[in-house]
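Engineer: Next one to model:
(4 chains)
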2 protein chains.
Amino acid sequence: MATPRPGRAVRGSSTGRPLMAALDLFGRRWNLRIVWELRHGPVGFRALQERCDNMSSSVLRQRLTELLDAALVEQHPDTTYALTELGHGARRALRPLVRWSAEWAETVSTAESEDAR
Amino acid sequence: MATPRPGRAVRGSSTGRPLMAALDLFGRRWNLRIVWELRHGPVGFRALQERCDNMSSSVLRQRLTELLDAALVEQHPDTTYALTELGHGARRALRPLVRWSAEWAETVSTAESEDAR
DNA sequence: TCGAGTGCTTCGGAAATCGAATCGTCAATG
DNA sequence: CATTGACGATTCGATTTCCGAAGCACTCGA
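Structural biologist: Next up, the predicted model:
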């Protein structure tokens, strides 16, 4: 499966609009998570796999080649993986989602306890 | 497949941390896109399908039940689908990603033209 | 009553994902 | 040296997910 890149046709969109490419890229399993787990610096392959709840190594490798291809991730000479500048930008763009997820947790748990009454 | 919700174990994380639930939810194909396409108000099933590049109706339905379950989407009496307050929060949290994708497009296209030289 | 437009379901095939086994390399150890 | 173990990475069969075309039940206007 081709790596989504802005300007080219992607899965689910023939326009190649950057946002659509991004939605395709991040709509693939583990990609959001991988970016998140790399937020603190370079991580090796096996360590990264562990951080991602022991996801399948074959898929991890596939995702990493996609992210390398998309220039979000780079591989250092010591073979560890790290976010590029662009990748860090993506991680920063994801930050509001972290805050939102907390809000989500509150709302959902509140709704659940109300259901119980 | 169970809908990811904060506080419960989700795919790829036994902790149930809200962020992990969110990463699972949004890491499923089309969920990011659906939230995005609902940003301007209620949309009917078939219209929504068209906006999502004619994605499979079976998967659309599955995604909608997930999003309903996760309280991001609600269905109005006239059967149209719309974002809840929480859903709008998620959409707002996605806004930085839109800006980032433009930056991504720039960087990648620059790199490509440099390759060509 | 008839078509056309809905929301939604079914189901067989295609594609993505999984996971365990395994390979080759390298560094440390004996 | 030989051995061991950790590593990045690959292979492959099984499972899960996704796709897409067809069709069903319903509504509404002609």
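Engineer: Skipping its backbone neighbours, what lies nearest A:Arg63 in space?
Structural biologist: A:Trp30 (5.3 Å; Cβ to Cβ, 6 or more residues apart in numbering or on different chains). For glycine as for every other residue, the C-beta is placed from the backbone atoms N, C-alpha and C.
Engineer: residue contacts, the residue in chain A that DNA strand D sits nearest to?
Structural biologist: Taking Cβ to the nearest atom of the strand, DNA strand D has its nearest neighbour within chain A at A:Gly44, 2.2 Å off. For A:Gly44, the contacting residues are A:Thr79, A:Thr80, A:Tyr81, by Cβ atoms under 8 Å, 6 or more residues apart in numbering or on different chains.
Engineer: how about the nearest residue to the second one, chain neighbours excluded?
Structural biologist: Just to be clear, that refers to A:Thr80. Computed as Cβ to Cβ, 6+ apart, the closest residue to A:Thr80 that is not its neighbour in sequence is A:Pro42, at 3.8 Å.
Engineer: likewise the first one?
Structural biologist: Closest residue to A:Thr79 in three dimensions, ignoring its sequence neighbours and counting by Cβ to Cβ, 6+ apart: A:Gly44, at 6.8 Å.
Engineer: tell me the secondary structure for the residue nearest to the spatial centre of chain A?
Structural biologist: In chain A, the residue lying closest to the centroid (Cα atoms, centre = their mean) is A:Leu32, at 1.7 Å. The three-state label given to A:Leu32 by DSSP: H, G, I helix; E, B strand; the rest coil is helix.
Engineer: give the contact list for it.
Structural biologist: Taking Cβ under 8 Å, 6+ apart, we find A:Leu32 in contact with A:Phe26, A:Leu94, B:Leu23, B:Phe26, B:Gly27.
Engineer: try 10 Å this time
Structural biologist: Shown in contact with A:Leu32 (Cβ atoms under 10 Å, 6 or more residues apart in numbering or on different chains): A:25-26, A:90-91, A:94, A:97, B:19, B:22-27, B:32.
Engineer: ditto for A:Gly16
Structural biologist: A:Pro4, A:Arg5, A:Pro6, A:Gly7, A:Arg8, A:Ala9, A:Val10, B:Ala105.
Engineer: Can you check my assumption that it lies in a strand?
Structural biologist: No. A:Gly16 sits outside any strand when classified using three-state DSSP, being coil.
Engineer: Would you list the phi and psi of it?
Structural biologist: Dihedral pair for A:Gly16: phi 80, psi 10, per degrees, to the nearest 10.
Engineer: how close does it sit to DNA strand C?
Structural biologist: Distance, A:Gly16 to DNA strand C, by Cβ to the nearest atom of the strand, to the nearest Å: 17 Å.
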